[in-house]
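Asker: Pasting the sequence and the predicted model now:
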Amino acid sequence: MKKDISFKPVENVILAVAREQNEGGQLEWRSYIINKNSEPLETVLIITKGYGEKDGQPQKTSTLRHMIDRLEGGSYAMIEPVDEAVFHLSNEFWVSYYVNGQIYDKKFIFVPGSFDEENVGPIPELDLEGITHS
């Protein structure tokens with residue numbers, strides 16, 4: 001059971017949603033996981049979903065699951081594209097991974113308003129602009 005597993009706090013792992021130009025020159029948003037540790041992350045499982053309200057009615061997105069076998073220290077990986085149509089929702093990224101046999105687990109939640117232009121800034125690891133969450 002989950003209560004019997006010892007989870008250590010997640011450190012130096014960042015979730016980013018960055019905007020970049022596609023091949024047609026249009027801006028697209030994509031989510032990334034960034035490993036700022038020196039050790040690799042292994043068996044990385046990322047579960048994403050969005051939830052909230054629109055016009056007073058509950059709204060949610062599909063739940064998607066992503067697996068990355070190994071994310072080297074000091075590197076990053078793209079998780080999925082993010083449609084601007086879900087920016088009004090809470091966008092949750094639940095990340096679990098192993099380092100040296102120890103499991104780590106954290107929910108990163110981008111709340112409504114996170115993607116407002118005043119929150120957009122440089123993401124040096126990606127050489128892009130966007131929003132980060134650590």
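Answerer: Now that the structure is in, tell me what you want to look at. Numbers count the residues shown, from 1 in each chain.
Asker: Which residues does stretch 18-33 contact?
Answerer: 13-17, 44, 46, 48, 68, 71, 76-84, 93, 95, 115, 120, 123, 126, 128-131 (CB atoms under 8 Å, 6 or more residues apart in numbering). C-beta coordinates here come from the backbone N, C-alpha and C atoms, glycine included.
Asker: Tell me the bridge partners for the one residue sitting closest to the centre of the chain.
Answerer: Nearest to the mean C-alpha position of the chain, by CA atoms, centre = their mean, lies L15 at 3.9 Å. L15 forms beta bridges with I33, H133, as assigned by DSSP bridges.
Asker: can you pull the pLDDT of it?
Answerer: The model reports L15 with a pLDDT of 98.
Asker: who touches it in this structure?
Answerer: 31-34, 93, 95, 108, 110, 132-134.
Asker: can you tell me which of these lies nearest to Q57?
Answerer: F110 (20.8 Å; CB to CB).
Asker: And for that closest one, the neighbour number?
Answerer: By other CB atoms under 10 Å, the residues close to F110 number 23.
Asker: any idea how far it lies from P40?
Answerer: According to CB to CB, to the nearest Å, F110 and P40 sit 25 Å apart.
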